[in-house]
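Q: Sequence plus the predicted model coming up.
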Amino acid sequence: MNNPPTALQDQFVEMPQQKEAATLGMWTFLATEVLFFGAMFMSYITYRTAYPRAFALASHHTILLFGTINTAILLTSSLTMALAVQAAKESNSRWLFRFLVATVLFGVAFLGVKGLEYHQDIADHLWPGPHFKSGLPPEAQIFWVLYWIMTGVHALHVTVGIVLLSIMALMARRQKFSGAYYTPVENSGLYWHFVDVIWIFLYPLLYLIHRYAA
Amino acid sequence: MNTTVESSEIFVPAREPKTYLTEGRTLKSWLLTTDHKRIGLLYLYSLLVYFTIAAIAAALMRLELITPAGDMVTSETYNKLFTIHGTLMVWFFLIPSIPAVLGNFVIPMMIGARDVAFPRLNLLSWYIFNIGGSLALYSVLFGGVDTGWTFYTPYSSTYANSHVIAMAAGIFIAGFGTILTGLNFIITIHKLRAPGMTWFRMPLFLWSMYSTSVIMVLATPVLAMTLALMSIERIWGVGVFDPKLGGDPVLFQHLFWFYSHPAVYIMILPGMGVVSELITCFSRKQIFGYHFVAFASVAIAVLGFLVWGHHMFVAGESIYAGIVFSFLSYMVSVPSAIKVFNWTMTLYRGSISFETPMLYALGFIGLFTVGGLTGLFLAAVGLDVHVTDTYFVVAHFHYIMVGGMVTAFMGGLHYWWPKITGRMYPEKLGQLAALIMYIGFNLTFFPQFILGYLGMPRRYHAYAPEFQIYNVMSSAGASILGVGYLLPLIYFIWSLKHGKKAPANPWNATGLEWQTTSPPPKHNFKETPVVTGPPYQYSAEETEIALHKPAKEQRAAS
Amino acid sequence: MNFPLFPDEASAAARQTDYLYCALIGVSLVTMAVVFVPIVIFLFKYRRGKKADRSPVHLPEMKIEITWTIIPMIIFTGLFAWGTEVFWNVERPPANAMEIDVVGKQWMWKIQHPEGKREIDELHVPLGRTVKLLLASQDVIHSFFLPEFRIKQDVVPGRYTTLWFKANKLGTFHLFCSEYCGTHHSAMIGHVIVMKPAAYEAWLTQGETSGTLAQSGERLYRELGCSGCHENSTIVHAPPLGGIFGKSVPLQTGQFVTVDEGYIRDSILLPAKDIAAGYTNDMPSFQGRVNEEQLQQLVAYIKSLPAPVPNNSIQEAK
């Protein structure tokens, strides 16, 4: 068994304890994130229940193509992330690095598509306010307020994930991880999968509801 | 006296050993510390600043309220005063108080660890807290904010003309400090307990802190998002609470109180934990009903998430929702009652002394009981229709937050002061201050129950003349209460240089934190302690026997 | 020196609330005795240095814990039930209440009686009649608080809330806004004046009025062009409004909604919200063109519209 390249921190007695603490810490943090997004989802549920028609009309103006492409991108990035963790477990630094880079690139692609989409949304006057697209009921603006906030906060989390995984990739390049120690990779993976799961909920709620409304 | 610690030693050196205070004396060593004990003190200094500002705001309010007319300050100023008082006291004093000061200091020592699980995150949390605090101070100093600490829309999102966003941003950021602290404590308690310290051998302070931490990490994110949504509406003029778009201002209240009700349990559970430590130590007795007290903490945390609607009985929620929330609110009172009964039974057949920490613990039981009972009044939904938004509510929450939590904070501060500083505070002055605080507190807040039932609404700058007599009583009490808090501030500072040097265990308390020097060394213990039995292995009987031995034998025994 | 403990009781409902309050005080005093008396006794009997029996005693811990868990739960459930009963009565107005419309705005209360009389910060009501208030806010959340009646209700922008009471005492009573609403929140106060019914009737006819609430509403109805679509228009297919108040109408979504004041208000301001079945989303919004008082007048008018006379009875009359 290799000597773990990272030192045992002072407050821990042994490495497994340190690893468990780090992992439990990440899970606890993700629980807080569920509540963080939860407030927005609750608002969405409240208003969609109250104004199903306005929400459907509003959702019709989301760009389904971009949303679907982004869903595919994120799902694939979760695959590469899982493969990265597997590579780490197998002490395969080369493939760990490649899969991390792939995940980062997918993340950047996601943001790129999002950027294009936002650009188009604004051109379509879908920014709430006095210049909002005419022909839609006022309640539709509530949908769009939630769209901007929810996708915006999500994009922020994707960005943080990109930074995090880039750091992991750099560390992988420098052979900091092995089968004996890859906790940061694993925990970063947890974070990345969480960000993906949030999108899995956002996609149907924002892009797909007009398919079923009257 | 029995001890459950097997393998630690008290090292008595020939010269002064390095303690966590003397190990590195530069400013940098403090500002970049990862030592949980120093971080606890850093929090204490920060809290003093915010507390002072919020207390001055309260003093000005009580001065204004001596007369019915609003003649001392303008209405706008008065509205800013109660907002500043509320926001600073809740988020920048009370929520951090016991957790960030005493929790940080004591928890690792109490479980026999060298530090918390994530010491660097701990330091980060202090910085985040103060970045948030700076924004809050900016809001205070550059014109104030006048929405009330509850930020109800649409007043806050559309109509207010004050520094709402600065304060909201300050709270938002400070909230992440709270989340990090809670996260740290959860992992610490899960993973860093000394060998032999099973969950049910933990002192009850840890059960309370654990439950508090769960609330902190789950509730605070909701507040963050809610304030963000309100701020976004304020900045861009359109949002999810805007009735013109079909938005519902009451949704803000649901989201706000979903956090803020659990938050009030953040502001009492740690105090209950401290009280468990004090009652056992100063009556030299095992806690009565350990398991029930421990589970009561967890029950309070869980049930606390289910009762937020009791803040909204007349706000526009449906009658049926009101009835459900009323029932759940009664149920959440049960675990608190259980704790009070168990503390009472702990005194039975004890050997009780009345040092300052014990006076505060007993004061807590008295004041918290009154505060909790008045919660039953508010939970009765038909009665709440009359007393909500009146001074009855103001009295209720001050009895719990000040009479309860702050009193416990003072008790804990006095109790652990020798451990933290290596000095004793002056005992007689401590007892006097506790008494003054108790009298001042009751005189300040009891008349407010009557005021509330008479119909005086809260947040009123001027009031109907028939309310004056009770307002005068309340303001008089406030001045006495102020003395009760000022005294400890003075003698604590005095004690740093002139207090008696404290031994490792001045109270003869059980608990791992007392098995090391006062103040402790940087890494707390020379060797990791091992725990072999439950906490609070006191014996009142043996304490009394030792007391009544002839003096010669007592000297030989010590 | 006057140390009042209770406000005046101006209604029977107020007395019910006071009974509950006194019961809670009783429960509190008993609880405090049950807790504080033993504590004080223990503090005396077992203080350090005092001889007493401190030998460890094996109490039936589980039994004790369960007992003092169950007993409070029972007492609390009883209090909950009592509180719910008072609440149920307070919140649900009896039928045949006389309705008065209230608009709260920073920082005054504007009251419109159905007969047309308007007042600011004062509410005249007759003794012994059930009064139901329709509350609306022009701006932020306010709360209509009548301490002597032991009732309050938040007034929320974007919807109607209601409050009812029946005064059983003549006199002048407090009206306070009790939801913080900005700078002059504590000045948003007034009075409820309870008069003998005859005096009230006389008062209603004094001073100038501009017609009843419904008549003002009718004026607006025509000025704003509502009649253009809703009265036998050949161009636009809009729902007829005669007799519509209180009816259950089907919506486009298949659900049913009862036409109350809130639904009428929503239809004027957010017409796309709940479109009646068989109609399209053509109605413009009047958001910004009518204030809350005008909305109450329109609501009063629409409420007053009788159901259309069925055709066959006209045939028969012929």
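A: Noted; the coordinates are in hand.

Q: Can you check the pLDDT for residue 175?
A: The chain I'm using is chain A. A:Gln175 is assigned 90 on the pLDDT scale.

Q: Hmm, no, I was thinking of chain B.
A: B:Gly175 is given a pLDDT of 97.

Q: next one: A:Tyr182
A: Model confidence at A:Tyr182, expressed as pLDDT, equals 94.

Q: Surely it is in contact with A:Glu90?
A: No - between A:Tyr182 and A:Glu90 no contact is recorded; they are 9.7 Å apart, counting by Cβ atoms under 8 Å. C-beta coordinates here come from the backbone N, C-alpha and C atoms, glycine included.

Q: If you count surrounding residues, which of those two has more?
A: Neighbours of A:Tyr182 and A:Glu90, each counted by other Cβ atoms under 10 Å in any protein chain shown, are more numerous for A:Tyr182; the result is 25 against 13.

Q: now the more buried one, nearest residue through space, not along the chain?
A: Distances taken as Cβ to Cβ, 6 or more residues apart in numbering or on different chains put A:Ala88 closest to A:Tyr182, at 3.7 Å, once the chain neighbours are dropped.

Q: C-terminal to the helix or strand where the one you found lies, what's the next element?
A: A:Ala88 is located in helix A:64-89, with elements delineated by DSSP states H and E. For helix A:64-89, the following helix or strand on the C-terminal side (DSSP H and E) is helix A:93-123.

Q: Show me which positions of the following helix or strand past that next one end up buried.
A: Elements were assigned by DSSP H and E; along the chain past helix A:93-123, the next helix or strand is helix A:139-173. Judged by neighbour count using 16 or more other Cβ atoms under 10 Å in any protein chain shown, the buried positions of helix A:139-173 are A:139-151, A:153-155, A:157-158, A:161-162, A:164-166, A:168-169, A:171-172.

Q: show me what contacts A:Ser166?
A: By Cβ atoms under 8 Å, 6 or more residues apart in numbering or on different chains, the contact set of A:Ser166 is A:Val104.

Q: how far away is it from A:Thr159?
A: Separation of A:Ser166 from A:Thr159 (Cβ to Cβ, to the nearest Å) stands at 11 Å.

Q: Okay, now the sheet partners of the host helix or strand of C:Ile100, with direction.
A: When secondary structure is defined by DSSP H and E, C:Ile100 falls within strand C:98-105. Using DSSP bridges, the neighbouring strands of strand C:98-105 in the sheet come out as strand C:108-112 (antiparallel), strand C:130-137 (parallel).

Q: winner for burial among those strands?
A: The highest mean neighbour count among the strands paired with strand C:98-105, using mean count of other Cβ atoms under 10 Å in any protein chain shown, belongs to strand C:130-137: a mean of 22.

Q: Contacts for that strand next, please.
A: Contact with strand C:130-137 is made by C:93-94, C:96-105, C:125, C:144, C:153, C:155-157, C:160-167, C:261, C:265, C:292, C:295-296, C:299, as judged by Cβ under 8 Å, 6+ apart.

Q: Buried ones among the residues you listed?
A: Applying a neighbour-count criterion of 16+ other Cβ under 10 Å, the buried members of these are C:93, C:97, C:99-105, C:125, C:144, C:153, C:155-157, C:160-167, C:261, C:265, C:292, C:295-296, C:299.

Q: hey, C-alpha coordinates of stretch A:24-38 in PDB?
A: Coordinates of each C-alpha in stretch A:24-38 appear next as PDB, following Å, rounded to 0.1, in the frame of the first residue of the first chain:
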ATOM      1  CA  LEU A  24     -19.600  12.900   5.800                       C
ATOM      2  CA  GLY A  25     -18.700  16.600   5.500                       C
ATOM      3  CA  MET A  26     -19.500  16.600   1.800                       C
ATOM      4  CA  TRP A  27     -22.700  14.800   2.200                       C
ATOM      5  CA  THR A  28     -23.800  17.200   5.000                       C
ATOM      6  CA  PHE A  29     -22.900  20.100   2.700                       C
ATOM      7  CA  LEU A  30     -25.000  18.600  -0.100                       C
ATOM      8  CA  ALA A  31     -27.900  18.400   2.300                       C
ATOM      9  CA  THR A  32     -27.600  22.100   2.900                       C
ATOM     10  CA  GLU A  33     -27.600  22.600  -0.900                       C
ATOM     11  CA  VAL A  34     -30.900  20.600  -1.200                       C
ATOM     12  CA  LEU A  35     -32.500  23.100   1.200                       C
ATOM     13  CA  PHE A  36     -30.900  26.000  -0.700                       C
ATOM     14  CA  PHE A  37     -32.400  25.000  -4.000                       C
ATOM     15  CA  GLY A  38     -35.500  23.800  -2.100                       C
END
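
Q: lowest-confidence helix or strand of the chain?
A: Answering for chain A, as no chain was given. Least confident helix or strand, chain A: helix A:52-59 with a mean of 91, by mean pLDDT, DSSP states H and E.

Q: Check chain B too.
A: Of all regular secondary-structure elements in chain B, judged by mean pLDDT, DSSP H and E, the least confident is helix B:551-557 with a mean of 59.

Q: In contact with the closest residue to B:Gly404 other than its chain neighbours, which residues?
A: Here the nearest residue to B:Gly404 in space, its sequence neighbours aside, is B:Phe368; by Cβ to Cβ, 6+ apart that works out to 4.0 Å. Applying Cβ under 8 Å, 6+ apart to B:Phe368 gives the contacts B:Ile268, B:Gly271, B:Ser336, B:Val340, B:Tyr399, B:Ile400, B:Gly403, B:Gly404.

Q: hmm, 7 Å instead?
A: With contacts defined as Cβ atoms under 7 Å, 6 or more residues apart in numbering or on different chains, the neighbours of B:Phe368 are B:Ile400, B:Gly403, B:Gly404.

Q: which bits of chain A sit near chain B?
A: Applying Cβ under 7 Å from any Cβ of the partner chain, one finds that chain A approaches chain B through A:10-11, A:13, A:17, A:20-21, A:24-25, A:28-29, A:31-32, A:35-36, A:38-40, A:42-43, A:46-47, A:51, A:128-129, A:138-139, A:141-142, A:145-146, A:149.

Q: which non-adjacent residue is nearest residue 175?
A: Just so you know, I chose chain A. In space, not counting the residues next to it along the chain, A:Gln175 is nearest to A:Ser93; the distance is 5.4 Å by Cβ to Cβ, 6+ apart.

Q: my bad, chain C
A: C:Gly190 (4.2 Å).

Q: now swap in C:Ala167 and tell me
A: Once flanking residues are discounted, C:Ala167 sits nearest to C:Val194: 4.3 Å by Cβ to Cβ, 6+ apart.

Q: In contact with that neighbour, which residues?
A: If a contact means Cβ under 7 Å, 6+ apart, then C:Val194 has C:Ala10, C:Val125, C:Leu127, C:Ala167, C:Lys169, C:Leu170, C:Gly171 as its contacts.

Q: Equivalent analysis for B:His36, please.
A: B:Asn104, B:Phe105, B:Pro108, B:Asp115, B:Val116, B:Pro119, B:Asn122.

Q: Was I right to think the second one contacts B:Ile39?
A: No - B:Phe105 is beyond contact range of B:Ile39, at 8.4 Å (criterion: Cβ atoms under 7 Å).

Q: what about the helices in chain C?
A: Secondary structure of chain C, counting by DSSP state H: helices at C:12-45, C:61-91, C:197-205, C:213-223, C:226-230, C:261-269, C:292-304, C:311-317.

Q: Between helix A:139-173 and the lengthiest helix in chain B, find me the angle.
A: Ranked by residue count, the top helix of chain B under DSSP H comes out as helix B:204-236. Angular relation of helix B:204-236 and helix A:139-173 on a 0 to 180 degree scale: 120 degrees, by axes from the mean of the first three to the mean of the last three Cα atoms, to 10 degrees.

Q: what is the rounded mean pLDDT of helix B:204-236?
A: The predicted model gives helix B:204-236 an average pLDDT of 97.

Q: Counting by contacts, list what it packs against.
A: Identification of packing neighbours for helix B:204-236 by 3 or more Cβ pairs under 7 Å, 6 or more residues apart in numbering or on different chains; DSSP states H and E yields helix A:15-50, helix B:104-110, helix B:164-191, helix B:249-266, helix B:269-283, helix B:290-303.

Q: Kind regards, and thank you for your time.
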